[in-house]
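> sequence plus the predicted model coming up.
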Amino acid sequence: MNKYFQQALKGIKASPSRTFLTTLGIMIGIGTVILVLSAGEGFKSYINAQIDAFGSNTVIIETSVPPSTKDRSSGQSSSTANSSAVNAVPITTLKNRDVEDIKQLPNVKNAYGASIGQQIATYGNVSKNIFVFGADASRFDIDKGVIARGRPYTTEEDKSLSQVAVLGHDIAIDLFGDSDPLGKFVRIGNYNFEVIGVYERRGSFGFSNDDEQIFIPISTLQKKILGTDYLLYSVVELVDNNKADTTALDISDILRRNHYITNPAQDDFKVSTQAESLATFNTILQAITYLLIAIACISLVVGGVGVMNIMYVVVTERIGEIGLKKALGARHKDILYEFLIEAILLTLIGGVIGIIGGIFLSFIVSKIAQSFGLTWKLIVPISSIIISVSVSMIIGVVFGVFPARNAAKLNPIEALNKE
């Protein structure tokens, strides 16, 4: 078998440029597979870090528009219900009292309600359009963000509609530069807010970037800026995360009772455990990953076809050599193994280079993500390397066997005559 490898290596070394071009498609395909799987794992690490920021033992309540606007009361006639369905306007109904009722559940450790408004923040000559995030003081006990300077606001400041603010990392730099913002006042809308704290860098989550936001008491946001008592969502911290599903059902019961909902199909809210949210995310990510891998496989097939075509060319170029070997006693399988091993080595070389290139690109992607403040780990799954090497060998066998068989079947006299 060693002589077959030596002959195959000799053939590969004979034309380095052709070897490179032959394996290029394999390199790109394998590199893409490595990059996609690594990026998927990196994105998972980022999402898990964001979930940890909320706490893994939390339940999220989001407002949503019910699927229809049919009357929720069971005492009306069908004609009245139809009339109500036409004229009803879906509104946000999640309120502070819902959060207070939810806090009374035995498996609920803490909870807070939150809402967001968009305003102009101004300090001195600097103005910026930002999102103002309002939440009650319990948020600082549940979320894991660290206040690098200053302090969080208190429940008393929330209840008294105090104009105090905690700045995100980036907005603090944008408004105050290198100066210390603590104790200074930033104008938000028509009100001046005292800066009492500054978060350390947290990064973005989805379409939200905490570093670019200003955090104020929910009552202050509702009464002085938004002019409403509604909430956008609520985060509930659990005592026992093993009872998350049961607690989610209890929360739904409370909200239906408070919102006068008798038909669950008319829910104007959505209750999700972290496990459900993570499962949904993993399903979406898995579908995207499979799609990208399928695209990469097209490149691998194209690369395999390239290997097959080049091997046919090699057989044609070396037809005299094949004829001479067979005339000197080379067996059918000797010629078959020589060209088949050459095809496998070509694809393996492309696979190894593709693996190295894919890992390098994955490293670059992780560094770019980290430069934007994302918690992105460089993870190259061992499975991706095993898959890549296996696929390379399979492609070498599948696309190399046909030209190898053609070479093995050549009649030595005809081969020497063609030469």
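In hand now; what should we look at? Residues are numbered from 1 along each chain as shown.
> domain-wise, how is the chain divided?
2-51+279-418, 65-267 (automatic domain parsing).
> which among those domains is found nearest to Thr273?
Distance to Thr273, taken as Cβ to Cβ, is lowest for domain 65-267 among the domains of the chain, at 4.3 Å. Placement of C-beta: from N, CA and C, glycine included.
> can you give me the end-to-end span of the closest one?
The first residue of domain 65-267 is 8 Å away from its last residue (Cα to Cα, to the nearest Å).
> can you give me how far stretch 138-152 is from the chain middle?
26 Å (Cα atoms, centre = their mean, to the nearest Å).
> thinking again about what came up before, can you tell me which of the domains of the chain has the worst average pLDDT?
Of all the domains of the chain, the minimum mean pLDDT falls on domain 2-51+279-418 (a mean of 76).
> buried residues in stretch 167-182?
Neighbour counts over stretch 167-182 (16 or more other Cβ atoms under 10 Å) mark Leu167, Gly168, His169, Asp170, Ile171, Ala172, Asp174, Leu175, Phe176, Pro181, Leu182 as buried.
> distance to Thr273 added to the domains of the chain, as JSON lines?
Below are the domains of the chain laid out as JSON lines (distance: least, Cβ to Cβ, whole Å):
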{"stretch": "domain 2-51+279-418", "distance to Thr273": "9"}
{"stretch": "domain 65-267", "distance to Thr273": "4"}
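> of those domains, which is nearest Asn57?
With Cβ to Cβ as the criterion, Asn57 lies closest to domain 65-267 of the domains of the chain, at 3.9 Å.
> please name whichever of the domains of the chain is nearest to Thr58.
Closest among the domains of the chain, using Cβ to Cβ: domain 65-267, at 5.4 Å.
> quick one: Arg149 from Asn125, how far?
Note on Arg149: its distance to Asn125, by Cβ to Cβ, to the nearest Å, is 23 Å.
> now Pro381
From Pro381 across to Asn125, the span is 51 Å (Cβ to Cβ).
> before we move on, what about Lys184?
From Lys184 to Asn125 the distance is 14 Å (Cβ to Cβ).
> which one of those two has more residues nearby?
Lys184 (15 against 5; other Cβ atoms under 10 Å).
> contact partners for the more buried one?
Tyr123, Phe176, Glu194, Val195 (Cβ atoms under 8 Å, 6 or more residues apart in numbering).
> run the last query once more with 7 Å
Val195 (Cβ atoms under 7 Å, 6 or more residues apart in numbering).
> repeat that for Phe176.
Counting by Cβ under 7 Å, 6+ apart, Phe176 has contacts Tyr123.
> off-centre distance for stretch 356-364?
18 Å.
> now for the longest helix that the chain contains, which elements pack on it?
Criterion DSSP state H: the longest helix present in the chain is helix 274-317. Helix 274-317 is packed against helix 16-54, helix 332-371, helix 382-409, with contacts defined by 3 or more Cβ pairs under 7 Å, 6 or more residues apart in numbering; DSSP states H and E.
> which one of those lies nearest to Asn242?
helix 16-54 (17.0 Å).
> what residues of the closest one count as buried?
The neighbour-count check on helix 16-54 (16+ other Cβ under 10 Å) flags 19, 22-47, 49-51, 53-54 as buried.
> following it, which helix or strand comes up?
Next in sequence after helix 16-54, counting helices and strands by DSSP states H and E, comes strand 58-63.
> and the longest helix of the chain with helix 16-54, angle?
Angle of helix 274-317 versus helix 16-54, following axes from the mean of the first three to the mean of the last three Cα atoms, to 10 degrees, is 180 degrees.
> kindly calculate the angle that helix 274-317 makes with strand 58-63.
Using the same axes, to 10 degrees: helix 274-317 against strand 58-63 is 90 degrees.
> chain center to helix 274-317: distance?
Relative to the centre of its chain, helix 274-317 is centred 19 Å away, using Cα atoms, centre = their mean.
> can I get the helices and strands packed on helix 274-317 in JSON lines including distance to Asp141?
Formatted as JSON lines, the helices and strands packed on helix 274-317 follow (distance: least, Cβ to Cβ, whole Å):
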{"stretch": "helix 16-54", "distance to Asp141": "12"}
{"stretch": "helix 332-371", "distance to Asp141": "29"}
{"stretch": "helix 382-409", "distance to Asp141": "40"}
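> how about those helices, which one is nearest Asn209?
Among the helices and strands packed on helix 274-317, helix 16-54 comes nearest to Asn209, with 11.7 Å by Cβ to Cβ.
> how far is the closest one from where the chain is centred?
In terms of Cα atoms, centre = their mean, the centre of helix 16-54 is found 13 Å from the chain centre.
> ditto for stretch 345-363
Distance, stretch centre to chain centre, for stretch 345-363: 24 Å (Cα atoms, centre = their mean).
> what residues does that stretch touch?
Under Cβ under 7 Å, 6+ apart, the answer for stretch 345-363 is 8-9, 12, 19, 22-23, 26-27, 29-31, 33-35, 38-39, 303, 307, 378, 380, 385, 388-389, 392-393, 395-396.
> list the contacts for the residue positioned nearest the centre of the chain?
Nearest residue to the geometric centre of the chain (Cα atoms, centre = their mean): Phe43, 4.1 Å. Counting by Cβ under 7 Å, 6+ apart, Phe43 touches Leu285.
> from Leu291, how far off is it?
14 Å.
> longest strand in this structure, please.
strand 108-123 (DSSP state E).
> quick one, that one and strand 58-63 angle?
Going by the same axes, to 10 degrees, strand 108-123 makes 60 degrees with strand 58-63.
> pairing partners for strand 108-123, with directions?
Next to strand 108-123 in the sheet, as set by DSSP bridges, lie strand 126-135 (antiparallel), strand 185-188 (antiparallel), strand 233-238 (antiparallel).
> mind putting the buried residues of stretch 167-182 in a markdown table, distance to Ser371 and secondary structure included?
Shown next, in a markdown table, are those (distance: Cβ to Cβ, whole Å; DSSP: H, G, I helix; E, B strand; the rest coil):
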| residue | distance to Ser371 | secondary structure |
| --- | --- | --- |
| Leu167 | 22 | strand |
| Gly168 | 18 | coil |
| His169 | 15 | helix |
| Asp170 | 14 | helix |
| Ile171 | 19 | helix |
| Ala172 | 19 | helix |
| Asp174 | 18 | helix |
| Leu175 | 22 | helix |
| Phe176 | 23 | helix |
| Pro181 | 24 | coil |
| Leu182 | 28 | coil |
